[in-house]
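A.B. asks: Sequence plus predicted model, see below.
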Amino acid sequence: MWKQGSHREAASSFAVATQLEPNSVNAQFLLGASLAQVGDPDAAVAPLQKCVELDPNHLDGHNTLGMVLGRLGRHTEGEVHLAKAAFLGHPQSPQTLRALNMSYCRRCGGPVGRVNPNGADVNFYSPSVGMECRTCPTVLCAGCVLGDFESAISPPCPDCGSTLIGLRKDSEL
C-alpha cells in the first residue's frame with residue numbers, strides 16, 4: 001500500500017498496527033508519515049511525537065515531525081526537530097534548515113539562527129544565533145559556547161582554538 005501510493009489505506013493499516021503494538025517505533029512513524037502524505041498534519045503529530053519519544057535518535061521521525069509542525073505554523077517546535085534530524089545525520093534536514101535561515105549546533109543538536117554580516121567591529125547577537133568558527137566547520141549554540149566561558153566576547157573554538165563569529169547567512173555551514 002505505502003509503495004503503491006495509497007497512503008490513506010496505509011494510514012488505516014498503520015493505525016491498526018499501533019493499536020496492536022503501541023510501542024512499535026516503525027508503526028508510529030509510518031502512521032504519522034502516511035497521515036502527513038494524505039494531508040492530515042494535525043493527526044500526524046501524535047504518532048510522530050510517539051515515534052521520537054520511543055526512539056529519540058529516529059532521524060526520519062524528527063525530520064518528518066519538523067516538517068509537519070512547520071506546516072501547522074508551529075515553527076519553533078519544528079525547528080527543534082529539524083535540527084535534531086540534521087544532528088543525527090538526516091540528509092535533507094541541513095538544506096531545509098538553510099532554507100529557513102537556520103543551522104544546528106554540532107554539540108547539542110539544537111537549532112541556531114543566522115545573521116547578516118554587517119562589517120561592524122562589535123556585534124550583539126541574541127541567544128538564538130549560532131556561532132561558527134572562522135577556521136573549522138564547528139557551529140555552536142549560545143549555551144554550548146558559554147558552557148566553559150564566563151563571557152561570549154571572542155570565545156575560542158573548542159575544537160581548534162580559532163575565533164568564533166556569528167553564523168552568517170552566506171556561510172556554507
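C.D. replies: Nice, thanks for sending it over. Given the structure is predicted, the values throughout are model-derived calculations rather than measurements.

A.B. asks: Which residue ranges of this protein form helices?
C.D. replies: For the chain, the helices defined by DSSP state H cover 7-20, 25-37, 41-54, 59-71, 75-88, 93-99, 142-146.

A.B. asks: between those helices, which gets nearest to V115?
C.D. replies: The closest of those to V115 is helix 142-146. By C-beta to C-beta, the value is 12.5 Å. The C-beta positions use only the backbone N, C-alpha and C, and glycine is treated the same way.

A.B. asks: Report the distance from that closest one to the chain centre.
C.D. replies: Mean-position distance between helix 142-146 and its chain equals 18 Å (C-alpha atoms, centre = their mean, to the nearest Å).

A.B. asks: Pull out the buried residues from it.
C.D. replies: A142, C144, V145 (16 or more other C-beta atoms under 10 Å).

A.B. asks: one step back: turn the helices of the chain into TSV, including distance to L164.
C.D. replies: Shown next, in TSV, are the helices of the chain (distance: least, C-beta to C-beta, whole Å):
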stretch	distance to L164
helix 7-20	44
helix 25-37	36
helix 41-54	30
helix 59-71	26
helix 75-88	18
helix 93-99	19
helix 142-146	6
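
A.B. asks: where among the ones you listed is the average confidence lowest?
C.D. replies: Ranked by mean pLDDT, the helices of the chain bottom out at helix 142-146, with a mean of 79.

A.B. asks: Convert the C-alpha atoms of that one to CSV, please.
C.D. replies: This file holds the C-alpha atoms of helix 142-146, laid out as CSV (Å, rounded to 0.1, in the frame of the first residue of the first chain):
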residue,chain,number,x,y,z
ALA,A,142,25.0,30.1,22.7
GLY,A,143,24.6,27.5,25.5
CYS,A,144,27.4,25.3,24.2
VAL,A,145,29.6,28.4,23.5
LEU,A,146,29.2,29.7,27.0
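
A.B. asks: name the helices or strands packed onto it?
C.D. replies: Helices and strands touching helix 142-146, as assessed by 3 or more C-beta pairs under 8 Å, 6 or more residues apart in numbering; DSSP states H and E, are absent.

A.B. asks: what do you get if the cut-off is 10 Å, keeping everything else the same?
C.D. replies: Helix 142-146 is packed against strand 131-133, with contacts defined by 3 or more C-beta pairs under 10 Å, 6 or more residues apart in numbering; DSSP states H and E.

A.B. asks: Can you give the contact residues for the strand it packs on?
C.D. replies: Applying C-beta atoms under 10 Å, 6 or more residues apart in numbering, the external contacts of strand 131-133 come out as 103, 105-106, 112, 114, 125, 138-142, 144-146, 152, 155-168, 171-173.
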